[in-house]
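Peer 1: Sequence first, then the predicted structure, then my questions.
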Amino acid sequence: MGNMEEQLKSAYRRVTLLNSNDTDFRVLEYLSEDEGDLETNASYSAVVDKLQMVCSESSMVNAVYFLFRSRDRLLVQGNAGMTSNLLHSYVKEFCADADESTVTWKAAVVDEDPLLVSHSLWNNADYGVVVNLNFAITTLDFEAEDGRTVFFCDEGGTVFTSDGAALLEETGMTLEELRQDKRYEVLESASESYGLVLVEVVEVSSISDVIPFSLRILEGFAIISTILVIPILLWFINRKVNRPLRRLTGAMDQIEDGNLDFRIEQTDGGGIEFDQINRNFNSMMEEVQGLKIDAYEKELERKDIQMKYLNQQIQPHFILNTLNILYSYDEDEYPLMQKLILCLSKYFRYIVRVNSKYVELEKEMEHIRNYFEIQKARFLDAFTFEVEYEEELGSALVPVLLLQNFAENTIKYSLRANEGGCVRVTAEYLEHREDYDYMVVRVVDNGAGLSDDILEKIERFKETGEPQEGLGVGITNSIERLKYIYSDELTDIRFRRDEEMGGTVVEIILPIITGGHNEDTFGG
């Protein structure tokens with residue numbers, strides 16, 4: 001429940017910031033009523049892209065809306081699992097009834113879809129986010145088990161999500177009756193801010209309580225050991241990970257708000273990895289302020305790409321989710337805890353190289369293997385992966401963190417498409433052209449594959465460099481980064497659908513460079 005609250009607060013703050021500071025929103029309020037003018041206006045396209053970005057940054061938020069009362073113009077971006085007409089109608093009705101002086105959150109069932117909708121009013125614009133609570137249950141990664149049901153309700157016991165309604169219908173009882181029934185264990189986590197209660201109902205009969213005496217002794221010993229160790233472990237994680245991570249994300253928020261004078265104070269207790277990240281952050285901000293005026297915009301664009309990559313690789317929610325998995329392991333799963341801690345340590349050690357330009361291919365491939373191992377701990381047997389490369393290419397230099405963005409996308413879309421997803425990452429020799437030998441690095445999944453529309457937008461962005469509506473920031477950022485590192489003649493990145501596996505194929509063509517070459521001769 002806490003994870004959900006943090007995501008909703010973050011999305012709300014992001015939308016409020018756009019409404020308060022972004023000039024495109026103000027322009028949109030005064031555009032002509034003619035729909036043709038609206039759809040082709042640059043401000044309209046920019047607003048659509050920004051709202052889509054808010055939805056993509058939070059797995060909980062399904063849609064974002066803005067209602068300009070003076071024009072009776074409603075703009076909704078996202079997919080809340082229902083028809084757009086029905087969603088538009090409900091949003092207008094909700095805004096008309098909402099309290100204009102405060103932030104309002106309301107949960108309701110709209111045509112069998114349970115929604116959580118927020119409302120705020122600022123600068124003559126109603127705005128908020130929409131969450132489909134059925135989708136939210138799925139996003140919270142609860143494992144399906146016999147005798148276990150998880151659902152949302154309000155403080156009065158009104159059930160919103162479908163699994164909860166099905167349970168009450170099956171048992172013929174109300175939620176209060178389930179609480180009193182000794183056949184069920186009811187666990188609840190309430191959120192006063194959103195008027196929701198997350199409920200887990202477990203059948204007592206599904207819990208085995210037949211434990212041999214010898215195991216009871218071991219269990220007691222393990223419990224005592226865990227009680228002694230957990231406070232130390234929590235203190236260590238909070239000191240070494242949580243505090244430095246919050247300090248770093250807070251610094252990024254300061255820079256995003258325009259405070260370029262902000263620096264991260266160096267403190268003891270953060271570990272070598274976070275000290276390196278903090279020094280790189282402060283060094284980068286010093287360089288930004290020290291740029292000459294005639295080169296400021298170009299250099300700032302390059303630094304912005306670095307910041308996006310740093311922000312993208314840190315991923316607080318990914319790291320916190322991994323720590324939550326680590327915390328959830330039982331005492332008899334100590335080997336799994338060791339393995340996950342080792343993988344997480346390797347992950348941190350590698351991402352501090354985001355300020356480096358190149359790394360050996362074998363190290364980049366090992367990082368991707370390590371990343372997949374962490375993801376398998378989250379999703380268990382939901383996917384398989386293969387990471388292979390020709391041995392003679394191991395020492396070739398490639399851009400650091402070249403592949404992680406594509407690895408994230410393949411896992412997300414292959415898991416969404418079907419169970420038992422498969423991801424393959426390979427590197428092989430391609431050919432010799434003029435002064436260089438070339439290799440091709442491929443990332444392949446068996447997901448739904450890219451649509452013709454997305455493929456066309458990718459090619460249009462590669463040709464023009466202009467933002468394309470609906471094209472993810474990860475793809476565009478990767479294309480821009482390769483342009484900065486290499487000249488256009490030395491590299492290419494291609495996207496297509498795979499005829500064999502049915503998913504997406506990303507092919508990155510790179511010159512085979514070793515440590516003996518002068519990087520300035522091929523760098524962009």
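Peer 2: Received it, and whenever you're ready, just let me know what you need. Numbers count the residues shown, from 1 in each chain.
Peer 1: other SSEs contacting the helix or strand that residue 345 is a member of?
Peer 2: Following DSSP states H and E, one finds residue 345 within helix 334-351. When contacts are defined as 3 or more Cβ pairs under 8 Å, 6 or more residues apart in numbering; DSSP states H and E, helix 334-351 sits against helix 271-289, helix 316-328, helix 361-379. Any C-beta I mention is one placed from the backbone N, CA and C, and that applies to glycine too.
Peer 1: now, of the ones you listed, which is deepest in the fold?
Peer 2: Among the helices and strands packed on helix 334-351, helix 361-379 has the highest mean neighbour count (mean count of other Cβ atoms under 10 Å), at a mean of 19.
Peer 1: how much does that helix deviate in direction from helix 334-351?
Peer 2: 140 degrees (axes from the mean of the first three to the mean of the last three Cα atoms, to 10 degrees).
Peer 1: Contacts for helix 361-379, please.
Peer 2: 141, 321-322, 325, 336, 339-340, 343-344, 346-347, 350, 383, 385, 387, 389, 393-398, 400-404, 407, 411, 415, 423, 425, 427, 441 (Cβ atoms under 8 Å, 6 or more residues apart in numbering).
Peer 1: now swap in stretch 221-235 and tell me
Peer 2: So stretch 221-235 is in contact with 331, 332, going by Cβ under 8 Å, 6+ apart.
Peer 1: cool, stretch 487-497 as well?
Peer 2: By Cβ under 8 Å, 6+ apart, the surrounding residues in contact with stretch 487-497 are 436, 449-450, 455, 458, 462, 475, 478-479, 482, 485, 503-511, 522, 524.
Peer 1: swap the cut-off to 7 Å and go again
Peer 2: Stretch 487-497 has contacts (Cβ atoms under 7 Å, 6 or more residues apart in numbering) with 449-450, 455, 458, 478-479, 482, 504-511, 522, 524.
Peer 1: And stretch 459-478, by the same measure?
Peer 2: 45, 48-49, 52-53, 56, 305, 308, 405, 409, 454, 457-458, 479, 493.
Peer 1: Quick one: closest of the helices and strands packed on helix 334-351 to residue 112.
Peer 2: Closest to residue 112 of those, according to Cβ to Cβ: helix 361-379, at 28.9 Å.
Peer 1: angle of the closest one against helix 316-328?
Peer 2: 60 degrees.
Peer 1: ok, then the element right after helix 361-379?
Peer 2: Assigned by DSSP H and E, the successor of helix 361-379 is strand 383-389.
Peer 1: quick one: which of the contacts of stretch 487-497 sit in helices?
Peer 2: Counting by DSSP state H, the part of these found in helices is 455, 458, 478, 479, 482.
Peer 1: what's the nearest residue to the first one if we skip its chain neighbours?
Peer 2: Think residue 455. residue 495 (6.1 Å; Cβ to Cβ, 6 or more residues apart in numbering).
Peer 1: Can you check the pLDDT for the one you found?
Peer 2: Predicted confidence (pLDDT) for residue 495: 90.
Peer 1: as a whole number, average confidence for stretch 331-340?
Peer 2: Across stretch 331-340, pLDDT averages out at 79.
Peer 1: ah, wrong one, I meant stretch 217-228
Peer 2: 79.
Peer 1: again with stretch 173-190
Peer 2: Stretch 173-190 carries an average pLDDT of 90.
Peer 1: Over to stretch 405-419?
Peer 2: 71.
Peer 1: and if you look at stretch 377-390?
Peer 2: Stretch 377-390 comes out with an average pLDDT of 84.
Peer 1: what comes up buried for it?
Peer 2: By neighbour count on 16 or more other Cβ atoms under 10 Å, the buried set for stretch 377-390 is 377, 383, 385, 387, 389.
Peer 1: Endpoints of that stretch, how far apart?
Peer 2: 28 Å (Cα to Cα, to the nearest Å).
Peer 1: on that earlier part again, which one among the buried residues of stretch 377-390 gets closest to residue 176?
Peer 2: Of all those, residue 176 sits closest to residue 377, with 37.7 Å by Cβ to Cβ.
Peer 1: do you know how far the closest one is from residue 399?
Peer 2: Remark: distance between residue 377 and residue 399 (Cβ to Cβ, to the nearest Å) = 27 Å.
Peer 1: ok, now residue 484?
Peer 2: Counting by Cβ to Cβ - residue 484 and residue 399 are separated by 9 Å.
Peer 1: which of those two has more neighbours?
Peer 2: When neighbours are counted by other Cβ atoms under 10 Å, residue 484 and residue 399 differ, and residue 399 comes out ahead with 21 against 14.
Peer 1: how close does the more buried one get to residue 473?
Peer 2: Separation of residue 399 from residue 473 (Cβ to Cβ): 18 Å.
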